[in-house]
Every structure is written in structure tokens, then in C-alpha cells.
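1. sequence first, predicted model second:
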Amino acid sequence: ILRGSEARPHLKPYMASLQLDGQHVCGGFLIAEQWVLSAAHCTEETDGKLFQVLLGAHSLTEPEPHKRLYQVRAQFPHPGSNIHNNKDDLLLLQLEEKAELNTDVRVLPFQREDRDVAADTVCEVAGWGTIDHSGRRPDKLQQVQRPVISRDVCNHRTRHDGTITQNMMCTDSRRKDTCKGDSGGPLVCGGVAEGVVTAGSRVCGNYKKPAIYTRIAPYAAWIDSVMASADG
Ligand SMILES: CC(C)CC(=O)Nc1cccc(-c2cccc(CN)c2)c1
């Protein structure tokens, strides 16, 4: 998160850190006791290894009462996701066991009604992604509020030039923005997850490249079917 601020500790109890060998790679969030939603492109550099999922954390390194690292039983990237574009950029992770829910670990509801969030709506996004252009990574969860911009503005030829589909949405990226390592985290508008951070042009803080999110509502049926199919 570029030019955000430290989140209030444990006030975003749905946030997950997807880790490999103890290193934060991407964000994610708890959508059910045994399920975390994130971004499929986060698996690009994992060489087939499964993530571990840190829940209940504010600091990535300090001991905290309800912080716990969960093993992942299975990972389900959306079948339409690929490395060449941002389409269907969703990843479902089934935890090895149900997460223990408490004050610091809680499920976040996601939007099921497939209707665009109005432009200028101010939403919030959080993550442990890079906080400056030198790639510095924070120890504590960061957050930032960003206004939604319309798909037409986001698709302007000087912005994302027609690549934003109906299954995507954008927020203004002037100065304050998402960045590397924030992928997979939720865009929360009015207490509901409306989108999942995707890397898009892999540029941060440039107003000509608004932040892109995969809208969740169009994928509600896929999410429900994967959760129902996998045992439990
Ligand atoms: C395996 C993955 C972590 C690789 C990856 O995603 N790299 C990468 C590099 C630079 C910017 C970003 C990035 C992320 C989220 C939002 C944005 C744009 N605001 C950029 C992402």
C-alpha cells in the first residue's frame, strides 16, 4: 500500500497473509471458516508449492494473541485465469482445518448482487504490500481509502485502454495506491468485499494506471460450487 497508514490492529480480522517459507507474498481474506479468497496471479512465482496462510495478524513478525499460521489443503485458481491478462484472477484456498474464529479472526461477507459500485464511492483496501517505490515492505498491516472510478474513465485510451471488463472495477491511483504484495486483498465498500486486488499494469501510484480489482459478485456461483465440491 503506497502512502496509506497503519491499520488499527486487528480491526480487519478477515485479512490473510499468503506466505511461502515465512515470507509474505500476497494478501487474501477469510470468506468462510475453512476458505480464503485471493488472486490467481499470486501463484505465478510459487513453482507449484502451496501457500501457508497467516490469520489473526497485525504485525508479520511479532507474537500476537490470535495469530496463527494455517496449512493449505488445496488451492483452486479460477479456470479462466492466466498469466497473460487479469481475467478471472481469483484463487480459492481451502485451509487444512476450519480457522478458529475470534476477535482477531473473522469472516468478511462478499457482494453477491452483480451491480457496479457507483463511481466516487470511497472504499478501503489493506495489505502488507510495498509502501514506497524502493519496494520497502511493512511489518504492520497498512490501509488506504480510495474512490471508485467508472469503467468508462478507467477504459479511456490514456488509462487501461478498453481492457477493463464488466468483471473488473477500478479505483483512483493518484499517489495513494495498491502495490506489489497487496494482490489478493479485498476492496471493502460499506463493510462488504466488492473486489479482489489484481496487479494489472504492475505500476503503483501513477494516476494514468488506476488500480484494478476483480469484482466478486460475478463469481459468487463459482465460489459456492468450489466450496461445496471440496469435502467439508
Ligand atoms: C507473484 C506476484 C506477487 C507478482 C506481482 O504481482 N508483481 C507485482 C509487481 C509490481 C506491482 C504489482 C501490483 C500489485 C497490486 C496492485 C498493483 C497496481 N496498483 C501493482 C505486482
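-> Everything's here; your move.
2. ok, for the residue nearest the centre of the chain, nearest residue in space, not its chain neighbours?
-> In the chain, the residue lying closest to the centroid (C-alpha atoms, centre = their mean) is residue 185, at 1.7 Å. Closest residue to residue 185 apart from its sequence neighbours, by C-beta to C-beta, 6 or more residues apart in numbering: residue 27 at 3.2 Å. For every residue, glycine as well, the C-beta is placed using N, CA and C.
3. list the beta-bridge partners for the one you found.
-> For residue 27, the beta-bridge partners are residue 17 (DSSP bridges).
4. next up, identify which helix or strand the residue lying closest to residue 189 once chain neighbours are set aside is on.
-> In space, and not counting its chain neighbours, residue 189 is closest to residue 123: 3.9 Å by C-beta to C-beta, 6+ apart. Element membership of residue 123 [criterion: DSSP states H and E] is strand 122-127.
5. what strands flank the helix or strand following that strand, and is each parallel or antiparallel?
-> Next in sequence after strand 122-127, counting helices and strands by DSSP H and E, comes strand 142-149. Strands that pair with strand 142-149, judged by DSSP bridges, come out as strand 5-6 (antiparallel), strand 122-127 (antiparallel), strand 168-171 (antiparallel).
6. so for strand 142-149, what gets flagged as buried?
-> 142, 143, 144, 146, 148, 149 (16 or more other C-beta atoms under 10 Å).
7. pLDDT and distance to the ligand added to those, as TSV?
-> Below are the buried residues of strand 142-149 laid out as TSV (pLDDT from 0 to 100; distance: C-beta to the nearest ligand atom, whole Å):
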residue	pLDDT	distance to the ligand
142	99	13
143	98	15
144	98	11
146	98	10
148	98	14
149	98	13
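8. may I have the strand holding residue 123 as CSV, with CA atoms only?
-> Extracted in CSV, the C-alpha atoms of strand 122-127 (Å, rounded to 0.1, in the frame of the first residue of the first chain):
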residue,chain,number,x,y,z
VAL,A,122,-14.9,5.7,-1.2
CYS,A,123,-13.8,2.1,-0.4
GLU,A,124,-10.9,0.8,1.7
VAL,A,125,-8.1,-1.6,0.8
ALA,A,126,-5.5,-3.0,3.1
GLY,A,127,-2.3,-5.1,2.8
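9. can you tell if it touches the ligand?
-> No - counting by C-beta under 6 Å from any ligand atom, the ligand is not contacted by strand 122-127; separation bottoms out at 8.4 Å.
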